[in-house]
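> Need the 3D shape of this:
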Amino acid sequence: LRQQTLTGEEVVVVGYGQQQKSDVTGSIASVSAKDVSEVPVANVSQALQGRTAGVQVQQTSTRPGQTAQIRIRGTRSLTASNNPLIVVDDVPFEGSLNDLNTNNIQSIEVLKDASATAIYGSRGANGVILVTTKQGRSGKPQITYNAYQGINTVARRYQVFDAQEFINMRNLSGYQPYTNRELESMRTGNYTDWQDQMYDNGTISNQQLNVSGGTATTRYSFGGGYYDETAVTPGQEFQRYSLHMNISQDIGDRIKVGLKSNNSYNITEGESASFMYPILTTTPLDPAYDSTGAIVQIPGYPNENQYSPLLLNKKNTWTEQRKRIATYNSIFGELNILE
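This next block holds a predicted model:
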């Protein structure tokens, strides 16, 4: 007898039926739940970064809770939107990616070429990101808890003039005479490094709890989470409370009904606050505090109307907060007409 290995052809399920893998002309990339959970991230866009070929994910802001810019195979339009279509549990998603808890995601598929328009029409012209949330399975209840704590630090400081270099520049330029406070600081050597005064360690906290299970006819998955992130500069924070629910019920042999629900409550603080300009341009010759220990509110140079950046660290001085409540729900029914 002579051994012979026989293999079946691999089948890929697409949006418009099933095809053999060798016949699929569209480009599809997949990211599993394991891949998403390997790196602590705040939202789906960050989970895709560096994991899918042809998908450019750029973080355009370091503010906590900011979503990244996603481009699938480059920019297609100069004036229209270049954002891909987001589909969550088979329903087009109109919300923010911050509304989704990454711990509740089962898989992410990215449709990267024009074949996506066969399913979603012109909305899929910039590509499609398919997000599938976790679903229950028949069996004993399973409880999972995932948590981590982290610290953010400044990777690299801006290179600016120290006090003596700043004095040399002022002497050469002759732009503006020294103020009395600056002259006193030059006499005593009491200079201010505003980056030292402002930078602090940011924190990340993530707590996730999920319960799933079911019987032969009923399957369920419930998940809740809390995410909190603060920046290395004061007054910027992002908090998210999330709740996920997925229930399906078989009625007889041919009918299946279910409910899918994704809910979130986001709190963003200091979203539009601008810190770096006053930190980098305020004179190092002015002291941060006066003789009584109070903050010098308006250092004299270069702008007499520019307040001390230390005032941004006082919550009783200013506040900016945006709250967002989002709920996305779908009820579905399936009827198996033929075997």
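
> list the buried ones in stretch 49-58?
49, 51, 52, 55, 57 (16 or more other Cβ atoms under 10 Å). Every C-beta, even on glycine, is put in place using the N, C-alpha and C of the backbone.

> which other residues reach it?
27, 29, 31, 35, 41, 45-46, 48, 59, 68-74, 110, 112, 127 (Cβ atoms under 8 Å, 6 or more residues apart in numbering).

> any weak-confidence spans in this structure?
By pLDDT under 70, the weakly predicted segments of the chain are 6-26, 300-305, 313-316.

> For it, which segments count as helices?
33-38, 44-48, 117-120, 163-173, 180-188, 194-198, 276-281 (DSSP state H).

> How far away from the center of its chain is the second one?
Pointing back at helix 44-48 there. 7 Å (Cα atoms, centre = their mean, to the nearest Å).

> Then the shortest one?
The gap between where helix 117-120 is centred and where its chain is centred comes out at 27 Å by Cα atoms, centre = their mean.

> For the remainder of this discussion, apply numbering that starts at 31.
Yep, numbering from 31; the last one is helix 147-150 now.

> I'd like the buried residues of stretch 79-88 as a markdown table, with distance to residue 217 appended.
What follows is those, written out as a markdown table (distance: Cβ to Cβ, whole Å):
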| residue | distance to residue 217 |
| --- | --- |
| 79 | 51 |
| 81 | 58 |
| 82 | 60 |
| 85 | 58 |
| 87 | 52 |
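
> Among the residues you listed, which one lies nearest to residue 184?
Nearest to residue 184 out of these is residue 79 (Cβ to Cβ; 20.7 Å).

> ok, that closest one to residue 88 distance?
Distance check for residue 79 against residue 88: by Cβ to Cβ, to the nearest Å, it reads 8 Å.

> still on that earlier bit, closest one to residue 129 among the helices of the chain?
Closest among the helices of the chain, using Cβ to Cβ: helix 74-78, at 9.6 Å.

> List the contacts of residue 103.
So residue 103 contacts 84, 85, 142, 143, 157 (Cβ under 8 Å, 6+ apart).

> could those residues go into CSV alongside distance to residue 199?
Below are the contacts of residue 103 laid out as CSV (distance: Cβ to Cβ, whole Å):
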residue, distance to residue 199
84, 48
85, 45
142, 51
143, 55
157, 50
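
> Among those residues, which pair sits farthest apart?
The farthest-apart pair in the contacts of residue 103, when distances are taken by Cβ to Cβ, is 85 and 143, at 12.0 Å.

> if I pick the nearest residue to residue 66 once chain neighbours are set aside, what's in contact with it?
The shortest distance from residue 66 to any residue other than its chain neighbours is 4.6 Å, reached at residue 77 (Cβ to Cβ, 6 or more residues apart in numbering). Taking Cβ under 8 Å, 6+ apart as the contact definition, residue 77 lies against 61, 65, 66, 69, 71, 132, 135, 138.

> Relative to residue 261, which of the residues you listed is nearest.
Distances from residue 261 to the contacts of residue 77, taken by Cβ to Cβ, are shortest for residue 71, at 16.0 Å.

> what's the overlap in contacts for residue 85 and residue 143?
With Cβ under 8 Å, 6+ apart, residue 85 and residue 143 have common neighbours 103, 157.

> rewinding a little: taking the contacts of stretch 79-88 one by one, which sit in strands?
59, 61, 99, 100, 101, 102, 140 (DSSP state E).
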